[in-house]
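Visitor: Quick one, fold the following:
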Amino acid sequence: MVDFIKRDKDDIYGKPVIGFLFKNQKFLMTLKIAVLALFLYAIYFGYTHTGKDNIFTWAVFWGIFWSLFMVVTLPTLGRVFCGICPHGFMGKYITKFGLKKTMPKWMQNRYIGILLLVIGWWAVNYMFPGLYRMPLVTAILFTVMTLLSFVIYFLYKDMSYCKYVCPIGTLTRAYSKLSFTWLGTYKSACNDCKTFECATACPYNLKPFTFDKRNSMTDCTLCMDCSAACEAVSFKTKKPSFSLFSKFQILKAEIWTFILILAAIPITMSFHHGIGRSNAAGDMIWSKTAEFFKGYVSFGPIDPVGLFAFLYAMLFTIVAALIGMFIASKILKKDFKNVFYDLGYSYAPLFILGSIAHSLETFFIKGYEKIVEGFAQGFGFSVDVASLANRGESWLHIFGLLKWVAIIWAMIILYKRMKLLDATKMRKIIAYPFAASLIILFLSVNMYRGYIIDTYGRASGGHGNHGGSAKVFQSVSRDKVTILQSGKDKKSCTTCGMGLAKFYKANHVATHDGITKQFCSMHCLVKEMEVKKTPLKDFQVVDVKSLKFTDAKIAFYVLGAKPKGVMTKSSKFAFASKEDADVFMKKYGGKIVSFDEAYKNATQDFKRRAHKTLKKASAEDVIYFSDKNPAAKKKKSYGGGHNHGGGRNYVPSKKMWPVFEDSSGKKNCIGDIGAELYLLDANLQTTKLTQSKEDGCKSVSFKMPHNGYYNLFYVDKSVKDDTLYSKTAKFEYLRFNHSNDAVYDNEKMSAHSVKEAPFDILRLREEGETFYHRLYSGENIRLKVLLNSKPVQGATLTLSTKTGWSKSVKTDKNGIAVFRLIQDYFPEWNKFDRRHKNEFLLTATYTQDAKGTHDDKEYEKIKYLSTYTSLYYPGDSSYKSYAYGLLAVTATAILSGFIIYWFRRRREKPFKEVRFNEKN
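Guide: Modelled structure (predicted):
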């Protein structure tokens, strides 16, 4: 044991700050306890908050631990993630007091952990997309893994779980070879060592003083226990992946880790999520295989495209590696296994650098936002932050260069390792491209993915093809699409706005007043005529075989074929010739019909369901806006109406329903909006809107292209019993897309009205409001009531919450009234949701004596009525106690750890070797 040593310049332990972070045992113990507490709390939070609104559990496990922290640190600092891993931290103490048995030979198999990761995680993830991202499933997953690790730690010695069973144990050991750090010892001090404290202190029973000689850190997890036992231990910076340039003891499982992880993550991702987002997704072999087996097997909730994309990626990757290395071994005249495992280390950079590129880009686009807001949620605070970048920003492409760095790096490692083989230079040159077959496959997949996206375009709606190729049977490449209509939205369906290319094989064309209109399907064509009552003529349809437009009236339609229809239950595909229709029908089923028969079938999509006659609102009824259709069975979340999908340039919209409550308190919609509808947009421009054309409950929609407040107005006047009822309903919505160039213009963002609304309620802005402003319980809300654009005194303003609480006040001489938003949310403590939305309704009334006529009816007085709907969230006081409780528990755990550490240090007095110079 050495108490002091003069450290080299490249020794991290000798650096003032960074050395403290990696070597100081008190700091490391505090960090490990904090990570353990966070780990356990995130699992607990997953059990108590199982809904999608729980982003804290996601932020901890999938935002911080994986993929950001571990993926970024592995090729840079090495296995520092393992050094603070909660399983390893607890396992060290469990093993110390456990049975210390030797793990059976059959369990000393590193492929156990690899297969748990590749099959148990990634294969399941592709078959059941999003399963592991569910908070409850995440909590269960890590609970099971934690209990399994504790059992193995207790039974077996030498941290065997980390070496053989941990899903990321062998993975981190393999990829850490790319890092630029190295744990070793000072040979000068070790030569005279007789006590070997560094080996004794290692919970993995490793010998750090042999790492340099072996050119391998074996299973070292950088827990740094050895550095506390002896000062001769060093932690130096080296050239990245320097150990791969020399000989060392090969571990076969590491090579298979490189291959299987490459197949399971970047290759499968390119197949399933990259090419799968293109209009050519249905033509890929994995999609066609999935479609074939769907005819014989019921996959249920399994995504067959994801499953077969995973299997094909595995097949292509393994075959490319084996065949390439086999040919290389024959050229080099060397044993295949030796060549395969020696040169296989060149695969190391391919996955990890590509994942860093994806992880960093995701972090800047959405990860940072979700992590910050998730941690705030977990500790009982409310934080709204903007993303650090927007998708598509040019500077983000710098991360894409990391994939090319990975390819070049892999080629360099292959070159260096091939130099270690005993073969002629010419044989090495010839064998090199074959040995690099897997690297070339990785390069080819990335280039092919880019080619497919550029050539065929992205399919609208994201992962629209994940359910199988039938969903994109109608898709064709952009160069084969014929657009007959004109205008800026010419590539979108006239009726529904969906991309014409994605559903091109079902496209129809017709004219109205000499203007050509193109539709994604017969469904939209029929809707335009039967629902919107647009008189169309000159019908044309795409011939599925030639992809050219033909006269729809004489075309042969195949009705009810196997490929799914567009927005309809029965698919309808047309052909110019009966022979082509017969061939299609024999392959996909269905029957051949005429245009008129297909049209009649499409009208079935619009058959009205039997429903009760909608109640009519009386002159006295209070009208207000709701984002939920009272007649709809499926509920929508408040504020979600604008997320209608679409691509990067999609303009969000909002859909609202004017509603009223009858004497029983039941909410009713309006069957025909006779009032005038106005929109005051973010640029303070007023436009008149029209009601929707759908049957039943009428709604009003508006687009929100810019950041800012949008105010929707419903203005109605009617006379009853000598009284003119002047009613205004108002809905105010703040649209903000988290863009970096968004500017909060105080003038535009302040409360505004429109001249068309005679009686209106304005929510006055508080000082310092931003795009992230929210209303919370316990806060005051200031309101102003306007009559003919002037403040009115004495108006009665009533605030009502969803639970039935209400309070009324009178406006002052400035037309202002103030309410305190009450606590109106009282869940069980373990079900508290800080994002819970309390809806409230403001109703202002004012009566004025005035004579006049309206619609040829005389009145003696005017009764003004205005409504304003909004929502507020639970205040900080509602959930700060959770944060205080957690802080108290964390502080107690940390303090207990320090007490235990201090007690053990005082109790144990190990022998210390002291060296001194006798001459001095």
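Visitor: tell me the contacts of the residue nearest to Ile623 when sequence neighbours are not counted?
Guide: Excluding its sequence neighbours, the residue lying closest to Ile623 (Cβ to Cβ, 6 or more residues apart in numbering) is Ala729, at 4.6 Å. C-beta: built from backbone N, CA, C; applies to glycine. With contact taken as Cβ atoms under 8 Å, 6 or more residues apart in numbering, Ala729 is in contact with Ile623, Tyr624, Phe625, Pro658, Phe713, Tyr714, Ser866, Thr867.
Visitor: Please repeat the previous calculation with a cut-off of 7 Å.
Guide: Ala729 makes contacts with Ile623, Tyr624, Phe625, Pro658, Tyr714, Thr867, as judged by Cβ atoms under 7 Å, 6 or more residues apart in numbering.
Visitor: now the second one: how far from Thr847?
Guide: So the one you mean is Tyr624. Tyr624 sits 20 Å away from Thr847, taking Cβ to Cβ, to the nearest Å as the criterion.
Visitor: Next: the first one.
Guide: As judged by Cβ to Cβ, Ile623 and Thr847 stand 18 Å apart.
Visitor: And for the fourth one?
Guide: Computed with Cβ to Cβ, the distance linking Pro658 and Thr847 is 23 Å.
Visitor: Which one's more surrounded, the two?
Guide: Each of Pro658 and Thr847 has its neighbours counted (other Cβ atoms under 10 Å); Pro658 has more, 25 against 14.
Visitor: right, and that one touches Ile623 too?
Guide: Yes: Pro658 lies in contact with Ile623 (Cβ atoms under 7 Å); the separation is 5.4 Å.
Visitor: who's the closest residue to Thr867 other than its chain neighbours bridged to?
Guide: In this structure, Thr867 finds its nearest non-sequential neighbour in Tyr624, 3.9 Å apart by Cβ to Cβ, 6+ apart. Per DSSP bridges, the residues bridged to Tyr624 are Val659.
Visitor: residues in contact with Tyr624?
Guide: Counting by Cβ under 7 Å, 6+ apart, Tyr624 makes contact with Val659, Ala729, Leu841, Thr867, Thr869.
Visitor: quick one on the thing from earlier: find residues that contact each of Pro658 and Ile623.
Guide: Each of Tyr714, Ala729 lies in contact with both Pro658 and Ile623 under the rule Cβ under 7 Å, 6+ apart.
Visitor: secondary structure class for Phe81?
Guide: Following DSSP: H, G, I helix; E, B strand; the rest coil, Phe81 is assigned to helix.
Visitor: Please report how far it lies from Ser67.
Guide: Counting by Cβ to Cβ, the gap from Phe81 to Ser67 is 11 Å.
Visitor: higher neighbour count, these two?
Guide: Phe81 (23 against 19).
Visitor: can you tell me how far the more buried one sits from Ile64?
Guide: For Phe81, the distance to Ile64 - Cβ to Cβ - is 10 Å.
Visitor: do Gly378 as well
Guide: Distance of Gly378 to Ile64, computed by Cβ to Cβ: 11 Å.
Visitor: So between the two, which is more surrounded?
Guide: More neighbours surround Gly378 than the other of Gly378 and Ile64, with 24 against 19 (other Cβ under 10 Å).
Visitor: The more buried one is in contact with Phe45, isn't it?
Guide: Yes: the pair Gly378 and Phe45 passes the contact test of Cβ under 7 Å, sitting 5.8 Å apart.
Visitor: For those two, list the residues in contact with both.
Guide: The contact sets of Gly378 and Phe45 overlap at Phe56 (Cβ under 7 Å, 6+ apart).
Visitor: Measure how buried the spatially closest residue to Lys100 that is not a sequence neighbour is and give me the count.
Guide: Leaving aside its chain neighbours, Lys100 sits nearest to Lys157 (4.3 Å; criterion: Cβ to Cβ, 6+ apart). Look at Lys157: counted by other Cβ under 10 Å, it has 17 neighbours.
Visitor: Against Phe97, how distant is Lys157?
Guide: For Lys157, the distance to Phe97 (Cβ to Cβ) stands at 12 Å.
Visitor: for Ala675, phi and psi?
Guide: phi -80, psi 170 (degrees, to the nearest 10).
Visitor: Mind checking what secondary structure Lys727 has?
Guide: Here Lys727 is recorded as strand under three-state DSSP.
Visitor: do the one 3 residues further on as well
Guide: Secondary structure state of Lys730, per three-state DSSP, is strand.
Visitor: Tell me the bridge partners for it.
Guide: Applying DSSP bridges to Lys730 gives these bridge partners: Phe713, Tyr868.
Visitor: Where does pLDDT dip in the stretch 751-900 of the chain?
Guide: Residues of the stretch 751-900 of the chain that meet the criterion pLDDT under 70 lie in 828-832, 876-887, 889-890.
Visitor: all strands of it, in order?
Guide: All strands of the stretch 751-900 of the chain, identified by DSSP state E, counting those that start in this stretch, fall at 759-763, 780-787, 790-791, 796-801, 806-810, 816-820, 838-854, 857-872.
Visitor: Ok, which of those strands comes nearest Asp8?
Guide: strand 857-872 (60.8 Å; Cβ to Cβ).
Visitor: If you compare the directions of the closest one and strand 780-787, what angle comes out?
Guide: With axes from the mean of the first three to the mean of the last three Cα atoms, to 10 degrees defining the directions, strand 857-872 sits at 160 degrees from strand 780-787.
Visitor: And strand 857-872, what does it pack against?
Guide: The helices and strands touching strand 857-872, judged by 3 or more Cβ pairs under 7 Å, 6 or more residues apart in numbering; DSSP states H and E, are strand 624-626, strand 723-735, strand 759-763, strand 838-854.
Visitor: how far is that strand from where the chain is centred?
Guide: From the chain centre to the centre of strand 857-872 is a distance of 44 Å (Cα atoms, centre = their mean, to the nearest Å).
Visitor: repeat for stretch 836-855
Guide: The answer for stretch 836-855 is 43 Å, by Cα atoms, centre = their mean.
Visitor: who touches it?
Guide: Applying Cβ under 7 Å, 6+ apart, the contact partners of stretch 836-855 are 622, 624, 638, 717, 719, 724, 759, 761, 777, 783, 785, 787, 792, 795-802, 824-825, 859-874.
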